[in-house]
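> What shape does this take:
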Amino acid sequence: GQWYINTIVMTVTTIVIKVFVVSITAYAFSKINFKGRDGIFLVLLTSLMIPSDIMLIPRYVIFKQIHILDTMWSLVLPATFDIYFVFMMRQAFIGIPEEISEAARIDGCSHFQIYSRIILPLAKPSIVTLILFTFVWSWNDYMGPYIFISSLEKQMLSVGIKLFTEGTVTDPALQMSAATLVLMPVLVLSVSMAGTNIRYIRSAMLEILQQDYLRTARAKGIGRRMVIYKHALRNALVPIVTVIGMQIPVLFGGAVIVEQLFSWPGLGLMTMSAILNRDYPVIMGVCLLSAVVVLAANLVTDILYAI
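From the prediction side, this is the model:
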């Protein structure tokens with residue numbers, strides 16, 4: 001029960017802090033003009049090419065020095081600033097007409113009032129997407145609690161399930177019950193994620209169907225089915241291709257929780273074993289492989305854009 005409470009508190013705290021930090025950062029990069037803004041944002045974007053596995057040892061050393069090791073904050077802080085979602089929120093904020101912000105400034109609103117009262121309410125779909133992704137990633141996080149949390153009473157549910165297969169607790173029914181507790185929220189949110197993808201396609205389709213070139217195609221006598229499937233749908237799939245391209249490296253990393261729970265061979269199990277055994281050549285190889293997969297996923301995504 002304590003592990004379940006720890007996981008809920010950590011996940012909720014991460015969501016609240018991350019939504020604020022990411023959204024207000026995106027607002028600064030999209031609505032406030034300051035010197036070097038685009039250059040700073042470009043530098044931040046390049047950090048997406050750094051595999052997260054490389055940062056494990058530096059994070060461990062830093063957390064130990066600032067005395068947050070073996071606390072919930074060692075999991076919350078790394079997840080707080082996510083440049084990918086800053087980019088996503090920035091694009092959403094850019095899509096909001098600047099005239100609205102200018103009218104608010106004329107009425108005497110400060111930047112924070114514009115951000116909180118105007119921009120955020122207009123960007124609710126993007127914020128919901130941010131919350132859903134953050135929930136799934138925080139709830140499923142195994143490597144972070146396994147490395148940074150050492151106290152049994154402070155442990156998270158994903159690592160706690162692994163403890164059912166060790167020591168004196170070997171009851172399969174108890175293990176499956178604990179696994180169900182972890183999987184149920186994720187299964188529920190998977191349906192929501194499917195709904196999010198559907199909303200992406202629907203909004204893109206509604207926007208594209210109003211474009212002039214589709215009206216021209218219909219005016220020339222091209223069938224409705226041809227217009228929708230050959231032109232509109234292909235353009236509407238761009239957001240989904242982006243999401244899938246982002247998920248490819250995550251899928252390639254292996255289901256760490258499942259592999260650890262059932263001791264199934266996979267990249268996740270191999271990586272965790274290498275970290276625990278200090279097998280640095282394997283760790284370096286996994287980091288290099290992760291970087292290659294990220295680049296390959298970006299390349300595939302760009303090719304699909306062209307198709």
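> Show the model's pLDDT score for residue 9.
On pLDDT, residue 9 comes in at 89.
> Name the nearest residue to it, ignoring sequence neighbours.
Excluding the flanking residues, the one nearest residue 9 by CB to CB, 6 or more residues apart in numbering is residue 72, at 6.8 Å. C-beta: built from backbone N, CA, C; applies to glycine.
> Burial check on the one you found, number of neighbours?
Neighbourhood size, residue 72 [other CB atoms under 10 Å]: 19.
> list the contacts for it?
Residues in contact with residue 72 (CB atoms under 8 Å, 6 or more residues apart in numbering) are 6, 9, 10, 13, 154.
> Burial check on the last one, number of neighbours?
Here the number of neighbours of residue 154 (other CB under 10 Å) works out to 17.
> Surely it touches residue 6?
Yes. Between residue 154 and residue 6 there is a contact under CB atoms under 8 Å: 6.4 Å.
> how about the helices of the stretch 201-307 of the chain, start to end?
212-219, 224-226, 233-236, 238-252, 256-262, 267-276, 280-306 (DSSP state H, counting those that start in this stretch).
> Revised request: answer the last question for the stretch 1-150 of the chain.
Assigned helices in the stretch 1-150 of the chain, in chain order: 2-31, 37-46, 56-65, 73-80, 83-94, 98-106, 111-114, 120-122, 124-140, 143-148 (criterion: DSSP H, counting those that start in this stretch).
> So which of the ones you listed is nearest residue 304?
helix 83-94 (18.3 Å; CB to CB).
> Please spell out which residues along that closest one are buried.
Residues of helix 83-94 classed as buried under the neighbour-count rule (16 or more other CB atoms under 10 Å) are 83, 85, 86, 87, 88, 89, 90, 92, 93.
> which one of those is nearest residue 132?
residue 85 (11.2 Å).
> ok, that closest one to residue 137 distance?
Remark: distance between residue 85 and residue 137 (CB to CB, to the nearest Å) = 11 Å.
> Now distance to residue 128 too, for the contacts of residue 72, in JSON lines please.
Listed next are the contacts of residue 72 as JSON lines, based on distance: CB to CB, whole Å:
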{"residue": "6", "distance to residue 128": "25"}
{"residue": "9", "distance to residue 128": "21"}
{"residue": "10", "distance to residue 128": "20"}
{"residue": "13", "distance to residue 128": "18"}
{"residue": "154", "distance to residue 128": "30"}
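> ok, for residue 79, nearest residue in space, not its chain neighbours?
residue 14 (5.1 Å).
> is it true that that neighbour touches residue 139?
No. Counting by CB under 8 Å, residue 14 does not reach residue 139; the two are 9.6 Å apart.
> Now do the contacts for the residue positioned nearest the centre of the chain.
In the chain, the C-alpha nearest the mean C-alpha coordinate belongs to residue 133, at 4.8 Å (CA atoms, centre = their mean). With contact taken as CB under 8 Å, 6+ apart, residue 133 is in contact with residue 85.
> confidence score at it?
The model's pLDDT for residue 133 equals 81.
> I'd like the buried residues of helix 83-94 laid out as CSV, including pLDDT and distance to residue 198.
Below are these laid out as CSV (pLDDT from 0 to 100; distance: CB to CB, whole Å):
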residue, pLDDT, distance to residue 198
83, 83, 27
85, 84, 20
86, 87, 25
87, 84, 23
88, 82, 18
89, 86, 21
90, 86, 24
92, 83, 18
93, 86, 23
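> Using JSON lines, lay out those residues together with distance to residue 67.
Shown next, in JSON lines, are the buried residues of helix 83-94 (distance: CB to CB, whole Å):
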{"residue": "83", "distance to residue 67": "26"}
{"residue": "85", "distance to residue 67": "28"}
{"residue": "86", "distance to residue 67": "28"}
{"residue": "87", "distance to residue 67": "32"}
{"residue": "88", "distance to residue 67": "33"}
{"residue": "89", "distance to residue 67": "32"}
{"residue": "90", "distance to residue 67": "34"}
{"residue": "92", "distance to residue 67": "37"}
{"residue": "93", "distance to residue 67": "36"}
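> Fine by me, thanks again.
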